[in-house]
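K.L.:
when you get a sec, could you give me coordinates for this:
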Amino acid sequence: MESSERQPVSLEDSVRQMLVEFARAFERGDVGALGGMFFHDDALIFYGTHDKLHFTRWTDVERSFQRQSEFLKDLQCRITGDIHVRLLAGGAAACAGTAGFGIHATMGGVRFDLPALRMTCTVERHGAEWRFVQMHLSVSDRPFLDRVGHVLESA
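P.N.:
Presented below is the predicted three-dimensional model:
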C-alpha cells in the first residue's frame, strides 16, 4: 500500500505509538527524545515504585532519566502487553496503560529482567503531538527491589 493509500491513524493508536516510542527512547538513553515527549512545567507528575522516583517538575524527571541512562547497562525495553487507551475531553487528552512494559538490564552489576512492569500515563494533545503530563511505572517484584536497593539508595 502506498503512503497516500494508508488508513488514517486513530487517536488511540497514536497514543499507543507514543508509548512504544517512549520505550525505544528510554532503551537508547535518549534524554533529548524523551524530553520532547513530556511537558516541561511544574505541574508534571512522574511516579515510580521507589521513593526516589517521585517527581513533579520536568527538570527532576530529566535528571532521573540521565542518571538511569548512566546506571542501566545492556538495556532492552519493550512494550509486550496490550496498551489500553481512553480518550478524554473530546480527544484533547487520553489515559493509557499497560501491564507489559518490559525492562531487561544490568544495574550495579546485577542482571535483572522485569517483563511486566505496570505503566499508566495521561497525555495531552496539542495539534498532532501528544505530550505526557503524568506517568506512573511500578515494579511489583519485591525480590528485585531487595537485590538492587543498594544502587537505588546511592543514587
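K.L.:
okay, now Ala128: neighbour count?
P.N.:
For Ala128, the neighbour count with other C-beta atoms under 10 Å is 7. Placement of C-beta: from N, CA and C, glycine included.
K.L.:
for Tyr47, what are its contacts?
P.N.:
By C-beta atoms under 8 Å, 6 or more residues apart in numbering, the contact list for Tyr47 reads 53-55, 135-137.
K.L.:
among the residues you listed, the buried ones, what's the PyMOL command?
P.N.:
The buried subset of these, as determined by 16 or more other C-beta atoms under 10 Å, is captured in PyMOL by this line:
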select buried, resi 53+55+135+136+137
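K.L.:
helix/strand/coil for Asp42?
P.N.:
Under DSSP: H, G, I helix; E, B strand; the rest coil, the three-state class of Asp42 is coil.
K.L.:
what's the neighbour count on it?
P.N.:
10.
K.L.:
for it, grab phi and psi.
P.N.:
The phi and psi values for Asp42, taken as degrees, to the nearest 10, are phi -90, psi 10.
K.L.:
so what touches the longest helix along the chain?
P.N.:
If you go by DSSP state H, the chain has its longest helix at helix 11-28. Residues outside helix 11-28 that contact it (C-beta under 8 Å, 6+ apart) are 9, 33-34, 37, 65, 68, 75-79, 83, 85, 87, 91, 94, 96, 98, 101, 119, 121, 123, 125, 130, 132.
K.L.:
rerun that using 6 Å as the cut-off
P.N.:
33-34, 37, 75, 77-79, 83, 85, 87, 91, 94, 96, 130 (C-beta atoms under 6 Å, 6 or more residues apart in numbering).
K.L.:
among the residues you listed, which ones are in helices?
P.N.:
33-34.
K.L.:
grab the most central residue of this protein for me.
P.N.:
In the chain, the centroid-proximal residue (C-alpha atoms, centre = their mean) is Phe22; its distance is 5.5 Å.
K.L.:
low-confidence ranges, the protein, go.
P.N.:
Scanning the chain for pLDDT under 70 picks out 1-8, 49-53, 140-155.
K.L.:
residue ranges for the strands of it, please.
P.N.:
Taking DSSP state E as the test, the strands found in the chain are 45-47, 54-55, 72-79, 84-88, 93-107, 110-126, 129-138.
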